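Student: could you look at this predicted model? Sequence included:
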Amino acid sequence: MIGRSLIDSVQVSDSFDIRLSIFTAAEQVGLVLKVGIASVLGGIIGWERDRAGKSAGIRTHMIVAAAAALAVGLGELAINLTNSGDPTRMMHAVFTGLGFIGAGMIWTSKNANGPLGLTSAATILLVAGLGAAVGLGAPTVGVAVCILALATLRGVRVLEIKMQTHRPTDTSGVIGDN
């Protein structure tokens, strides 16, 4: 089978081969590149969160974005191979799983005015979407989302400081940043 995987099969005996891949080498390399792009973009957002001293930093954001790109990219390859299926199923699985991670990142404290960890949980969800976009073959969308996220995370903070509304004294009923 010319054009198949770099490692297509292993010959166990003269009459028996074990097939190791159903995807072409180009498909696999393409997916690895998508996962790499998603990981780098997620890492950029994680870098910003790390610089802000938040709990979810570079590694967490990189892994979430890469995992989302991998899951969605594999789903896309499988659908292309079988010519059937719903391309949104893998995205549903990714976002459902991340709902649990995000919920675990949000907590309250008696010393804090409102819940903590909301922005970090939101950026985890965002990098999953970014990874899904790249995994589906839309790296331009991933780059644009990364730029918009950085502009939001850094730019809004600068505006809050300039407007002296970074931390209002009365936060009752206000959901704040972590």
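Tutor: Yes, it's here.

Student: and the longest helix for the chain?
Tutor: Among the segments of the chain that qualify as a helix by DSSP state H, the longest is helix 25-51.

Student: mean confidence score for that one?
Tutor: Over the span of helix 25-51, the pLDDT mean works out to 93.

Student: same for that helix, what does it pack against?
Tutor: Of the remaining helices and strands, those touching helix 25-51 by 3 or more CB pairs under 8 Å, 6 or more residues apart in numbering; DSSP states H and E are helix 58-82, helix 118-135, helix 139-150. In short, each C-beta sits where N, CA and C put it, glycine included.

Student: need the ones you listed in a markdown table with mean neighbour count, can you?
Tutor: What follows is the helices and strands packed on helix 25-51, written out as a markdown table (neighbours: other CB atoms under 10 Å):
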| stretch | mean neighbour count |
| --- | --- |
| helix 58-82 | 21 |
| helix 118-135 | 25 |
| helix 139-150 | 17 |
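
Student: closest to residue 95 out of those?
Tutor: With CB to CB as the measure, helix 118-135 is the member of the helices and strands packed on helix 25-51 nearest residue 95 (6.4 Å).

Student: can you put the helices and strands packed on helix 25-51 in TSV and add mean pLDDT?
Tutor: Supplementary listing: the helices and strands packed on helix 25-51 in TSV, determined by pLDDT from 0 to 100:
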stretch	mean pLDDT
helix 58-82	90
helix 118-135	90
helix 139-150	93
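
Student: reformat those as a markdown table; add distance to residue 93.
Tutor: Converted to a markdown table, these look like this (distance: least, CB to CB, whole Å):
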| stretch | distance to residue 93 |
| --- | --- |
| helix 58-82 | 7 |
| helix 118-135 | 11 |
| helix 139-150 | 19 |
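
Student: out of the ones you listed, flag the one nearest residue 90.
Tutor: Among the helices and strands packed on helix 25-51, the nearest to residue 90 by CB to CB is helix 58-82 (3.3 Å).

Student: which is the next helix or strand following that closest one?
Tutor: Counting by DSSP states H and E, the element after helix 58-82 in chain order, helix or strand, is helix 89-105.
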